[in-house]
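Undergrad: Make a model of this:
(chains A and B)
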Number of protein chains: 2
Amino acid sequence: MEPAPQPPRVAEEYMETPMNELLRALDASDGSALLAAAEDIHYADLAHLYENLDDEKRDLLLKTIGPELATDVVAELPYPLIEGALNHFKPAQLRVLLGNLSDDDRVDVFQVVSEEAQVRFFSLLGPRDKELTRNLLKYEEDTAGGRMTTHVGRITADMTVKQAITVLRRDREDAETLARIFVVDAQGRLVGKVRLRDLAFSTWDTPIHDIMEEADETILASADQEEAARILSKYDLIVLPVVDEFHHLLGVLTYDDALEILQEESTEDIEKLSGIGGEQSEVSYLNTSVVEQYQRRVSWLIGLAFLSVVSGYVMFRFSAVLEKAFVLSLFLPMVVAAGGNSGGQAATMVIRAMTLGEIKTGNALRIAWKEARTGILLGLTLGVTMAVFISFILPHIQRGTGADFDFLHLAFAVSSALIVQVLSATVLGALLPICARAIKLDPAVVSAPSLASTVDISGMMIYFTTVGAILHLH
Amino acid sequence: MEPAPQPPRVAEEYMETPMNELLRALDASDGSALLAAAEDIHYADLAHLYENLDDEKRDLLLKTIGPELATDVVAELPYPLIEGALNHFKPAQLRVLLGNLSDDDRVDVFQVVSEEAQVRFFSLLGPRDKELTRNLLKYEEDTAGGRMTTHVGRITADMTVKQAITVLRRDREDAETLARIFVVDAQGRLVGKVRLRDLAFSTWDTPIHDIMEEADETILASADQEEAARILSKYDLIVLPVVDEFHHLLGVLTYDDALEILQEESTEDIEKLSGIGGEQSEVSYLNTSVVEQYQRRVSWLIGLAFLSVVSGYVMFRFSAVLEKAFVLSLFLPMVVAAGGNSGGQAATMVIRAMTLGEIKTGNALRIAWKEARTGILLGLTLGVTMAVFISFILPHIQRGTGADFDFLHLAFAVSSALIVQVLSATVLGALLPICARAIKLDPAVVSAPSLASTVDISGMMIYFTTVGAILHLH
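TA: Numbering: from 1, shown residues only, chains lettered A, B, ... in the order given. Here you go, the predicted model:
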């Protein structure tokens, strides 16, 4: 007989009961029930819950769960909430909590709180933590050094496995990860790495020298964090050692840093592409205020509006052409929009390829040539499709154009404008992000809407001049 | 005295010399130089190089580097290149190579090659690999089961640390990661986990039972891979166990799977948002053909073109209004585009928040209310800005409107249209992705261009009716 089926214990469902208990305990201000429930919940979930509580309940939660769990929760909070959370604690509790934080999380705290709080928190640190924090604060927030942790397993090549295990046992709970242990020389320079599995499975008298491997991948502390994330991701590393120019081992970045950095970067790309400005919010969408949403969007909208007035001006100038044959307005939005759409596609492909590190500015000519061919194919397809539509289908819907040209001439004129517009917009869309990168701007500043508004202007001109010339309307 | 500064050995620079040597060896068809250089290069870099070689050099590279390194390189190749790469080998070599592949990579190979190759490759597998592959092929490619590896450290709770180490030593080189070792019962059901560091640092007679922890986070094999990636990322896990409904341990997903899945997902969102269809290419931007680029973009462009003809039709129908006051064309593109831009911003915020798991369809009303307030603020700001521009600045640039209304009336009319257009587009942009999700579509199908083309139509109507009514032009 088969054993009786056990109920599934998948993360979400498993969490539900303790979370409900916790919410009830919070409502009832029942400290001991709160503590019991909180201990069964992952700190990441507690941090997520904290975001959505009012101030009184936040206070109760933080003070009840004890300093160890509170440390994990605080480290997981969105940056704008951290200072407020720490202010719930008395100095003595705060000293414990700041001491408990891992060094990279502690530096993050110091980077995001107000200057007043920085001074106050710093005075609470022990002497070793003070020095460590001061050292780490030297690195910019978005560099490998600014994000690394110094908690890393370190041994020397002349140890035996037994000596190494004794040294590492000390750091056992402290080190961010022991998946890789780094071998340094007497000056602290990185000379190699050892896998924990090789330590665990070797006899105790094996010299480290015999089981260590070269540490091929490293990154300079001053390097961009995105560069570090790409190396971690490309080589499937769990840990990437961070070094200075003299190859001294300063700390490590881990796989979860890479995940966070790459997610932030993708969000940034997506937002910039849609014309959303400013820094991405650290708190979730529903918790950002309407005013903050407004601030991040309004300046792009105003800039784009004035750009569109230029399109309007072109249209106004060509009003004579339009007045002679109002049927032309049927295809004006289409020709104009086709430029924004095809240009936006090209820009997106190029920006994403740049983010993934697939292309560099040196490839500009190759990319322009590739997009020019794609643009011609797209323009021809659209042109022919519209020519067929205008020549064969439109006459059945609409009889007579009210102007002295026939549908075939109109089809030819509209299609010609369409091909020119799609081809030029595609090449422009591909090249603008590359130019932005070449002058050290983020390629994603070439947002799809600003590109669209720009090719709207050229589209109006292309349409009216091409159609006007072919149909003799000037 | 300071020690003499050592030259930096950062990844990129360190790689440069062996890579140049390899390229020279390839050009000279020098097998032994090729082999020597290849051994100093990471397989991820070799795979990247392979992509850019001609067929003859690909053949030389694969055949020279030996089956072990070749296995790593093949596993790292973009999917469309895998079958071609494998066809460089004779059956005997292929048997070794397929046997060397880790089980998840092997399943990937079977999922991407042609049916003919599937049959041919399958016949080369050993009996154990045959069964394993058949089992893994049962899961859909984009589920947790379809992406997991079955190579995982497994022990039972009644073992001692010494017994566990003996068991694991067997799997030592094989297991994807030993950072977490899973404890199963006699039926193979997951009962807990042990960290390798706890094994390494405990005395040999410690029972596993004493050092094991609960395995809180698990995922069903049938669950979506994105769900798995989100759990790995949220809880900063290195390994996530994959189970069936009876909680049998089937395999694991690792942090690098999460990285890959989340990157793919971001690229998909970005591409869909820009109206690029189809599956994202597995090969890099520069290596995809113009025809493939064309195919992914053309259908959206044609669809959008016809949608824009509807805008044109609205404009055509209102030609009487425009004919009475051609100055109105100055602000037509601006009002219309403001809708696309503000709607696109709202859609982007909502789609990204959904991807990051921050909001659900149940929040629709709250989101609509939030976006309505943001939309009113944005519309008012734009409206007032344009009213000021039209009333005070425009008269200095352009004297007389050629129509029987003054600049103040015009300003009021244009601003009113602008507010209605921005507010409606913002709410629509936020709600459409939620509706898409509610009917089980990917929210990102509401691409920015399709949204823009839709609100173009409503924008034309709003503009002409509002302006026409206020200025009495009907």
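Undergrad: ok, and for the helix with the most length in chain A, which residues are buried?
TA: The residue-count maximum for a helix in chain A (DSSP state H) belongs to helix A:407-438. Neighbour-count burial for helix A:407-438, counted by 16 or more other CB atoms under 10 Å in any protein chain shown, picks out A:407, A:409-434, A:436-437. Every residue, glycine included, has its C-beta placed from N, CA and C.
Undergrad: Then stretch A:195-203?
TA: For stretch A:195-203, by 16+ other CB under 10 Å, it's A:195-202.
Undergrad: Look at A:Ala215 and tell me its secondary structure.
TA: Secondary structure state of A:Ala215, per DSSP: H, G, I helix; E, B strand; the rest coil, is coil.
Undergrad: My read is that it contacts A:Pro241, right?
TA: Yes. Using CB atoms under 8 Å, A:Ala215 makes contact with A:Pro241 at a distance of 5.9 Å.
Undergrad: any residues in contact with both of these two?
TA: Residues touching both A:Ala215 and A:Pro241 (CB atoms under 8 Å, 6 or more residues apart in numbering or on different chains): A:182, A:190, A:193.
Undergrad: ok, now which ones touch the last one?
TA: Applying CB under 8 Å, 6+ apart, we find A:Lys193 in contact with A:180-183, A:212-215, A:241.
Undergrad: Quickly list what it is bridged to.
TA: Beta-bridge partners for A:Lys193, by DSSP bridges, are A:Phe182, A:Glu213.
Undergrad: Distance check, it against B:Ser450.
TA: Distance, A:Lys193 to B:Ser450, using CB to CB, to the nearest Å: 50 Å.
Undergrad: circling back to that earlier point, other SSEs contacting the longest helix of chain A?
TA: helix A:332-355, helix A:364-388, helix A:448-470 (3 or more CB pairs under 8 Å, 6 or more residues apart in numbering or on different chains; DSSP states H and E).
Undergrad: and among those helices, the most buried is which?
TA: Most buried of the helices and strands packed on helix A:407-438 by mean neighbour count (mean count of other CB atoms under 10 Å in any protein chain shown) is helix A:332-355; its value is a mean of 29.
Undergrad: dump the residue contacts of A:Leu356.
TA: B:263, B:267, B:284.
Undergrad: Next up, phi/psi of it, please.
TA: Main-chain dihedrals, A:Leu356, degrees, to the nearest 10: phi -80, psi 0.
Undergrad: What parts of the stretch 351-474 of chain A come near chain B?
TA: Residues of the stretch 351-474 of chain A lying close to chain B (CB under 8 Å from any CB of the partner chain) are A:352-353, A:356, A:358-359, A:363, A:366-367, A:370, A:373-374, A:377-378, A:381-382, A:385-386, A:389, A:422, A:448-449, A:452-453, A:456, A:460.
Undergrad: now the helices: where do they sit in the stretch 51-200 of chain A?
TA: Along the stretch 51-200 of chain A, the segments classed as helices by DSSP state H, counting those that start in this stretch run A:55-64, A:66-76, A:79-86, A:91-100, A:103-112, A:115-123, A:127-136, A:144-147, A:161-171, A:196-200.
Undergrad: Of all those, which one comes closest to B:Lys130?
TA: B:Lys130 lies closest to helix A:196-200 among these, at 28.8 Å (CB to CB).
Undergrad: helices or strands next to the closest one in the packing?
TA: Applying 3+ CB pairs under 8 Å, 6+ apart, we find helix A:196-200 packed against helix A:161-171, strand A:180-184, helix B:196-200.
Undergrad: Can you show me the CA trace of that helix as CSV?
TA: Extracted C-alpha coordinates of helix A:196-200, given in CSV (Å, rounded to 0.1, in the frame of the first residue of the first chain):
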residue,chain,number,x,y,z
LEU,A,196,34.7,23.9,1.6
ARG,A,197,34.0,20.5,0.1
ASP,A,198,37.7,19.9,-0.5
LEU,A,199,38.4,20.8,3.1
ALA,A,200,35.7,18.6,4.4
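Undergrad: Show me how the record splits chain A into domains.
TA: Taking automatic domain parsing as the domain assignment, the ranges for chain A are A:13-138, A:154-255, A:289-470.
Undergrad: Deepest in the core, which of those is it.
TA: Between the domains of chain A, domain A:289-470 has the highest mean count of neighbours, a mean of 21, where neighbours are mean count of other CB under 10 Å.
Undergrad: average model confidence for that domain?
TA: When pLDDT is averaged over domain A:289-470, the result is 87.
Undergrad: ends of that domain, how far apart?
TA: Taking CA to CA, to the nearest Å, the first and last residues of domain A:289-470 lie 53 Å apart.
Undergrad: do stretch A:203-222 as well
TA: 39 Å.
Undergrad: Could you do stretch A:325-332 as well?
TA: Taking CA to CA, the first and last residues of stretch A:325-332 lie 12 Å apart.
Undergrad: for A:His42, phi and psi?
TA: Phi and psi for A:His42, reported as degrees, to the nearest 10, are phi -70, psi 140.
Undergrad: what does A:Phe201 give?
TA: The phi and psi values for A:Phe201, taken as degrees, to the nearest 10, are phi -100, psi 10.
Undergrad: wait, doesn't it sit right on B:Thr166?
TA: No. Between A:Phe201 and B:Thr166 there is no contact under CB under 8 Å: 9.5 Å.
Undergrad: Point me to the residue of the stretch 51-200 of chain A nearest chain B.
TA: Nearest residue of the stretch 51-200 of chain A to chain B: A:Ala200, at 4.0 Å (CB to the nearest CB).
Undergrad: how close does that residue sit to B:Lys162?
TA: 11 Å.
Undergrad: And A:Phe182, by the same measure?
TA: Counting by CB to CB, the gap from A:Phe182 to B:Lys162 is 28 Å.
Undergrad: Up against chain B, what does the stretch 51-200 of chain A have?
TA: Within the stretch 51-200 of chain A, the positions near chain B by CB under 8 Å from any CB are A:165, A:168-169, A:172, A:177-179, A:187, A:189, A:196-197, A:199-200.
Undergrad: No further questions, thank you.
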